[in-house]
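Output the structure for:
(4 chains)
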Number of protein chains: 2
Amino acid sequence: MNRTASIKDVATHAGVAVGTVSNVLNYPDRVSDRTRERVLRSIDELGFVRNDAARQLRVGHSRTIGLIVLDVGNPFFTAVVRAAEDAAALQGSAVLLGDSGHNAGREANYIDLFQEQRVQGLLISPVGDVTDRLDLLRERGVPTVLVDRLADESKFSSVAVDDDAGGYLAARHLLDTGRRRLAFVGGPTSIRQVADRLQGARRAVKEEPDASLEVLEAEGQTVLAGRSVGDMLVERGRAELPEGIFCANDLLALGVMQSVTMTHTFRIPEDVALIGYDDIDFAVSAVVPLSSIRQPTQLLGRTAIELLSEEVESRNPVHRSVVFTPELVVRQSTAALSAR
Amino acid sequence: MNRTASIKDVATHAGVAVGTVSNVLNYPDRVSDRTRERVLRSIDELGFVRNDAARQLRVGHSRTIGLIVLDVGNPFFTAVVRAAEDAAALQGSAVLLGDSGHNAGREANYIDLFQEQRVQGLLISPVGDVTDRLDLLRERGVPTVLVDRLADESKFSSVAVDDDAGGYLAARHLLDTGRRRLAFVGGPTSIRQVADRLQGARRAVKEEPDASLEVLEAEGQTVLAGRSVGDMLVERGRAELPEGIFCANDLLALGVMQSVTMTHTFRIPEDVALIGYDDIDFAVSAVVPLSSIRQPTQLLGRTAIELLSEEVESRNPVHRSVVFTPELVVRQSTAALSAR
DNA sequence: TCGTACCAATGAAACGATTCAAATTTGCTG
DNA sequence: CAGCAAATTTGAATCGTTTCATTGGTACGA
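From the prediction side, this is the model:
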């Protein structure tokens, strides 16, 4: 098999100059109909495919955008990725996806790789505190947008979701449906997202003089962690059962639900209302469909791409931080108590 | 900000020739210690990052491998992707990931993109019957390995999992734990995977003269579809309840489980045993931990990369099809009946 | 018939790396 | 210290595009 055809081969075959072939590819209306067709036919016959490396070398940058996420398996990120891909495709770019898996080493590898590839810019939900490495990128002139993390606006643009507002929404909804003694179930408050959601919930509870909020620490953000909290509640008995429970994420909520429905001690939502966070696919198909807080993942992905484009286009770096407000999704698990 | 430093800038700064800098980068031991250090220092001071496009243009191909999957959100593919990335990294390549989302158009876009990028090769779990497009790739000399789909060995290499064997394993396990009247719950048998799993289950049932297998059609592969099958079983009553149920995937099984445990009509595994397929993360943390069939996703991803490497290295194309055998994971949902 | 404008097409000069034959230096040996 | 081999360094040629100043044609008005 001989090597693939180049633009020069096409030019010879069509009997035109290389520049003309290039024009057919990039500025079709600079070329007369007759020659354009001739060139296109040659391209087809030779099976020519443009060599992007050469193009990139000449124009100085690629048409790709690097995107590094903490975990592609996480539904939140999967949704963001998909939205970003779509938005990028619309403006003629492609997304190179990297999964750091919460691992700083892998993250560093991807950053290096993407720099060698001369990506137009980088979207990243960084592992821990990596401002040093990101500063380096900035110095090298690689436009960067932080995803799901607020940034020092003097340095980076960023997109994030307002977790405080989400927490408020959830607690307010429990209060609005008549519950007064509430509980918050969440992992370590060292995680920024968890702390913010709790803070928002506290804010809502303060608005009602007769309302209270108990914090139930869970070890981790998993179904199993939720279940052990649920088991604990079952053991405590009905007297100490909160009227409404807000879990820092849907997995925890599902765990609590399992524990409660399995033992059949309490009914959801009659004895206790339950609301989660993230609105994962499983929420709607839980034993009792789970109310939740939905994050605007689509918007997040699309906006990230838009902010990046802004940075790429303009010379002088004006950074923006965009914060979205999450949305309440009401399902059966928090149905209002019928009047008694 | 001035443009990024090139190899020539480094050469000038270090007072050597460009060839020497290149050697430092690619063949460090061809260079004396003294100059190597000097060059490395210059690289550091100038913040030089190799331009991969130029490198690629010269050597004729990239160091990347294209990977197109049907759905990154699907845990099966997520696992395969991760394994492929790791295996590729080990041999110094990076993976470009594309998500076709079962959409032939997006798939075609990614194929074109990857060709322009001159990827070393392509791993793909194709949308429907796209042998034409793949034939074209083959003609153009892009080594390709099919993932999760058997291939005509004269044309492509492929990696897949033996779904017939998986079906056999599941049914055999139900039989081995003393169940005789079995049921298969699955989506349309037009899906190859579903048909194969059913066929394997039938094979196992035939081995026991007193065993039977009923097929319960589900519309789709979701939790909700499973739940409606479960509701139907509950309605039919205990007399017609199968002793063991094999679901074509874990989501279906979780749906059946929800329906059954929620209404508290039957107990799992005492009244009916339940086994799923895929061993998703949720299986272990279901209300009753779910037995399942685990596919060797890691091996799948790693082997796909290895097969691809083989094709890339060798001139003459010898294709291989590798089929893996899945593995039984026993949990509480199929616990053996205690002697009565 | 000439001048002017416009449109298409041309082809040489980059872009930044790798490669490799040739030039130079170094290290030994006698 | 000459002579030779091995080790190191050099730099021009090359990869396949895009870009853009230049050339060649054609049409139109004066």
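
And residue A:165, how close does it get to residue A:204?
Shown here: residue A:165 relative to residue A:204, a distance of 10 Å by CB to CB, to the nearest Å. The C-beta positions use only the backbone N, C-alpha and C, and glycine is treated the same way.

So which of these two has more stuff around it?
Higher neighbour count among residue A:165 and residue A:204: residue A:204, with 22 against 19, using other CB atoms under 10 Å in any protein chain shown.

nearest spatial neighbour of that one, skipping sequence neighbours?
Of all residues not flanking residue A:204 in the chain, residue A:171 sits nearest, at 3.7 Å (CB to CB, 6 or more residues apart in numbering or on different chains).

Tell me how far the helix or strand hosting that neighbour lies from the chain's centre.
If you go by DSSP states H and E, residue A:171 is part of helix A:163-176. Here helix A:163-176 shows a centroid-to-chain-centroid distance of 21 Å under the convention CA atoms, centre = their mean, to the nearest Å.

about what we covered before: pull up the per-residue confidence for the residue nearest to residue A:204.
Residue A:171 is assigned a predicted lDDT (pLDDT) of 98.

ok, and the closest non-adjacent residue to residue A:303?
residue A:159 is the one closest to residue A:303 (CB to CB, 6+ apart), at 5.1 Å.

Against residue B:116, how distant is the residue in chain A that DNA strand D sits nearest to?
Of chain A, the residue with the smallest distance to DNA strand D, taken as CB to the nearest atom of the strand, is residue A:7 at 2.8 Å. Distance check for residue A:7 against residue B:116: by CB to CB, it reads 13 Å.

now do residue A:328
If you go by CB to CB, the gap between residue A:328 and residue B:116 works out to 45 Å.

Could you check how far the residue of chain A closest to DNA strand D is from residue B:113?
Using CB to CB, residue A:7 is found at 18 Å from residue B:113.

Repeat that for residue A:43.
The gap separating residue A:43 from residue B:113 is 17 Å, by CB to CB.

just residue A:124 next, same as before
Separation of residue A:124 from residue B:113 (CB to CB) stands at 22 Å.

again with residue A:253
Here residue A:253 is placed at a distance of 40 Å from residue B:113 (CB to CB).

Pick out whichever of those two has more residues nearby.
residue A:253 (30 against 19).

What helix or strand is the more buried one located in?
For residue A:253, the element it lies in under DSSP H and E is helix A:250-263.

List of residues touching the helix or strand following that helix?
Sequence order places strand A:273-275 as the next helix or strand after helix A:250-263, per DSSP H and E. When contacts are taken as CB atoms under 8 Å, 6 or more residues apart in numbering or on different chains, the neighbours of strand A:273-275 outside the stretch itself are A:170, A:173-174, A:177, A:179, A:243-247, A:253, A:256-257, A:268, A:288, A:290-293, A:333-335.

filter these to the buried ones?
By neighbour count, with 16 or more other CB atoms under 10 Å in any protein chain shown, these hold A:170, A:173-174, A:177, A:179, A:243-247, A:253, A:256-257, A:268, A:288, A:290-293, A:333-335 as buried.

Identify the residue nearest residue A:292 in space, chain neighbours excluded?
According to CB to CB, 6+ apart, the nearest residue to residue A:292 is residue A:279 (4.1 Å).

circling back to that earlier point, what do residue A:7 and residue B:116 both touch?
Shared between the contact lists of residue A:7 and residue B:116 (criterion: CB under 8 Å, 6+ apart) are residues residue A:50.

Neighbour count for the two, which is higher?
In terms of neighbours (other CB under 10 Å), residue A:7 is the more surrounded of residue A:7 and residue B:116; the figures are 21 against 17.

For that one, which non-adjacent residue is closest in space?
Ranked by CB to CB, 6+ apart and with sequence neighbours excluded, the top spatial neighbour of residue A:7 is residue A:21, at 5.0 Å.

What of residue A:151?
The shortest distance from residue A:151 to any residue other than its chain neighbours is 3.9 Å, reached at residue A:158 (CB to CB, 6+ apart).

Quickly run through the sheet partners of whichever strand or helix holds that neighbour, with directions.
Using DSSP H and E, the secondary-structure element containing residue A:158 is strand A:157-161. When sheet partners are counted by DSSP bridges, strand A:157-161 sits next to strand A:144-147 (parallel), strand A:321-324 (parallel).

Pull out the buried residues from the helix or strand just after the last one.
The C-terminal neighbour of strand A:321-324 among helices and strands, as given by DSSP H and E, is strand A:327-329. Buried residues in strand A:327-329, counted by 16+ other CB under 10 Å: A:328-329.

Centre of the chain to strand A:327-329, how far?
Using CA atoms, centre = their mean, the distance between the centre of strand A:327-329 and that of its chain works out at 17 Å.

Phi, psi for the residue in the stretch 201-340 of chain A that DNA strand C sits nearest to please.
Shortest the stretch 201-340 of chain A-to-DNA strand C distance, computed as CB to the nearest atom of the strand: residue-wise this is residue A:312, at 17.7 Å. When read as degrees, to the nearest 10, the backbone of residue A:312 gives phi -70, psi -40.

List the contacts of it.
By CB under 8 Å, 6+ apart, the contact list for residue A:312 reads A:120-121, A:143.

Make CSV out of these and add distance to residue A:229, neighbour count and secondary structure.
CSV is the format used below for the contacts of residue A:312 (distance: CB to CB, whole Å; neighbours: other CB atoms under 10 Å in any protein chain shown; DSSP: H, G, I helix; E, B strand; the rest coil):
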residue, distance to residue A:229, neighbour count, secondary structure
A:120, 45, 19, coil
A:121, 42, 25, coil
A:143, 43, 24, coil
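
Just give me the closest of these to chain B.
Relative to chain B, the closest of the contacts of residue A:312 is residue A:143; by CB to the nearest CB it sits at 11.3 Å.

Number of residues surrounding residue A:159?
30.

Specify the local secondary structure of the residue lying closest to residue A:51 once chain neighbours are set aside.
The spatial neighbour of residue A:51 that comes closest, neighbours along the chain excluded (CB to CB, 6+ apart), is residue B:118 at 6.4 Å. Applying DSSP: H, G, I helix; E, B strand; the rest coil to residue B:118 yields a three-state assignment of coil.

And the pLDDT for residue B:118?
In the prediction, the pLDDT value recorded for residue B:118 is 92.

which residues touch it?
If you count contacts by CB under 8 Å, 6+ apart, residue B:118 has them with A:51-53, B:56, B:60-62.

show me which of those residues neighbour DNA strand D.
Under the cut-off given by CB under 7 Å from any atom of the strand, DNA strand D has A:51, B:60 from the contacts of residue B:118 close to it.

just the contacts of residue B:118 now: which is nearest residue B:183?
Sorting the contacts of residue B:118 by how near they are to residue B:183, with CB to CB, puts residue B:62 at the top with 50.5 Å.

That closest one: helix or strand, and which one exactly?
Secondary-structure element containing residue B:62, defined by DSSP H and E: none, the residue being outside all helices and strands.

Against residue B:96, how distant is it?
9 Å.

tell me, what's touching these two both at once?
In terms of CB under 8 Å, 6+ apart, residue B:62 and residue B:96 are both contacted by the residues B:117, B:119.

mind listing the strands in chain A by residue range?
Assignment of strands within chain A using DSSP state E yields the ranges A:64-69, A:94-99, A:122-124, A:144-147, A:157-161, A:181-186, A:212-217, A:244-247, A:273-275, A:292-294, A:321-324, A:327-329.

Name the surrounding residues that touch the fourth one.
Yep, that's strand A:144-147 we're talking about. Outside strand A:144-147, the residues within contact range by CB under 8 Å, 6+ apart are A:69, A:80, A:121-126, A:134, A:137-138, A:156-160, A:300, A:304, A:307-308, A:311.

Alpha carbons of stretch A:108-120, as CSV, please.
Extracted in CSV, the C-alpha atoms of stretch A:108-120 (Å, rounded to 0.1, in the frame of the first residue of the first chain):
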residue,chain,number,x,y,z
ALA,A,108,-0.5,16.4,34.7
ASN,A,109,0.0,13.9,31.9
TYR,A,110,-3.0,15.2,30.1
ILE,A,111,-2.0,18.8,30.5
ASP,A,112,1.3,18.1,29.0
LEU,A,113,-0.2,16.1,26.2
PHE,A,114,-2.7,18.8,25.4
GLN,A,115,0.0,21.4,25.4
GLU,A,116,2.0,19.4,22.8
GLN,A,117,-1.1,19.1,20.8
ARG,A,118,-1.4,22.9,20.9
VAL,A,119,-5.1,22.8,21.9
GLN,A,120,-6.9,26.1,21.5
